[in-house]
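Enquirer: Sequence and computational prediction follow.
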Amino acid sequence: MGTSQRFVQIIDFETDRIDELRALAEEGERSITGRTDGPKRRLVLQDRSRPNRYLVIVEFDSHEDAMRDSADPETGKFAERMAALCTSPPAFTDCDVQDTTEFS
């Protein structure tokens, strides 16, 4: 595609150490604050039927921004520390945003 479009990564993981993971995420947020090519939005979801399962949706302005973020050594360190707090390896799904609708 010639034009960039928003990009979302979905991280699916299970943990029984969510408080530690939240603290790690807050630490990571401080390192990306102010970066123009970093994530723009994050949504954390908890599965009601499996309370130790979480989905994190991270939105970027473009796939290119997401790949630059993934290549950052700090992102790699964060991913390693996150995986150590999970009860099974996180699964990553990469998605191009096709459409969004805001309902009021």
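Expert: Received the coordinates, thanks. None of the values given here were measured: they were computed from a predicted structure.
Enquirer: ranges for the helices of the chain?
Expert: 18-32, 63-71, 73-84 (DSSP state H).
Enquirer: among these, which is nearest T100?
Expert: helix 63-71 (16.3 Å; CB to CB). Using the backbone N, CA and C atoms, a C-beta is placed for each residue, glycine as well.
Enquirer: one step back: how about the helices of the chain in CSV, adding mean pLDDT, mean neighbour count and distance to T93?
Expert: Output for these, formatted as CSV (pLDDT from 0 to 100; neighbours: other CB atoms under 10 Å; distance: least, CB to CB, whole Å):
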stretch, mean pLDDT, mean neighbour count, distance to T93
helix 18-32, 88, 13, 19
helix 63-71, 92, 16, 12
helix 73-84, 92, 13, 15
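Enquirer: Mind putting those into TSV with distance to Q9?
Expert: Shown next, in TSV, are the helices of the chain (distance: least, CB to CB, whole Å):
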stretch	distance to Q9
helix 18-32	14
helix 63-71	6
helix 73-84	11
